[in-house]
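Peer 1: dropping a prediction and its sequence here:
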Amino acid sequence: MADPIRAAPSGAASFMFGIAATLFPLRKPSLDGTLMACCPLQSRLFMKRIILAGALALLAAPAAAQEVIASYYAYLSPQDLRNSRGIRLADIGAILQQDRANFHRFGLRDGMDEHDPLFASSATRARIPELYARGPGAPGYIVDLLRRGETRFVHVRIIGRGGRPDYIEVYEGAG
């Protein structure tokens, strides 16, 4: 019997499994030029690994990256720091929600408020506190100033995938 020829699986397969390439003994080429495995069990094992590597490659396809799906500038004035019943708001997410309600629903727009394409409906505005809580939050000094009742000009960025918001980022609006 002839000495076996040793072949390794592709670099992609060994990379995906994170292990060194396993050597599979193969016979020398037959008359038609194909290589034959020494043992049917090794051949089946090799095919299973190839199928598994292909399946993992498909699953490892990159997901849609997060992106800025909308942004706007808002002047958070005294009318934004209280809800519709006049109760003082301390949560920044609630203040942002009230600002958008004032802008879209009540028509109480400050001179520096910009339109946003997402929060025209009450259902999407209701998500603002949750979206803010899932994000990195606003810089601490902005939070402190708003909680003390001072006004602030902010830049709001809505981050998401495929046009669907995942979270909100808030930055100083000046500059």
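Peer 2: Everything's here; your move. Numbers count the residues shown, from 1 in each chain.

Peer 1: C-alpha from now on. contacts and neighbour counts both.
Peer 2: Noted.

Peer 1: for the chain, name the helix or strand with the lowest mean pLDDT.
Peer 2: Every helix and strand of the chain was ranked by mean pLDDT, DSSP states H and E. The lowest is helix 11-17, at a mean of 44.

Peer 1: sec struct for residue 169, please.
Peer 2: Of the three states, residue 169 takes strand according to DSSP: H, G, I helix; E, B strand; the rest coil.

Peer 1: just residue 79 next, same as before
Peer 2: Under three-state DSSP, residue 79 falls in the helix class.

Peer 1: now do it: how many residues are near it, please.
Peer 2: 18 (other C-alpha atoms under 10 Å).

Peer 1: same question for residue 104.
Peer 2: Residue 104: 18 neighbours (other C-alpha under 10 Å).

Peer 1: so who does it touch?
Peer 2: With contact set as C-alpha atoms under 8 Å, 6 or more residues apart in numbering, residue 104 has these partners: 119, 120, 121.

Peer 1: and it, how close does it get to residue 123?
Peer 2: Taking C-alpha to C-alpha, to the nearest Å as the measure, residue 104 and residue 123 are separated by 12 Å.

Peer 1: and for residue 169?
Peer 2: 20 Å.

Peer 1: compare these two and say which one has the larger neighbour count.
Peer 2: Comparing residue 169 with residue 123 by other C-alpha under 10 Å, the one with more neighbours is residue 169, at 20 against 9.

Peer 1: correct me if wrong: the more buried one contacts residue 137.
Peer 2: Yes. Counting by C-alpha atoms under 8 Å, residue 169 touches residue 137, with 6.3 Å between them.

Peer 1: can you map out the strands along this structure?
Peer 2: Applying DSSP state E to the chain gives strands spanning 5-7, 24-26, 67-76, 152-161, 164-172.
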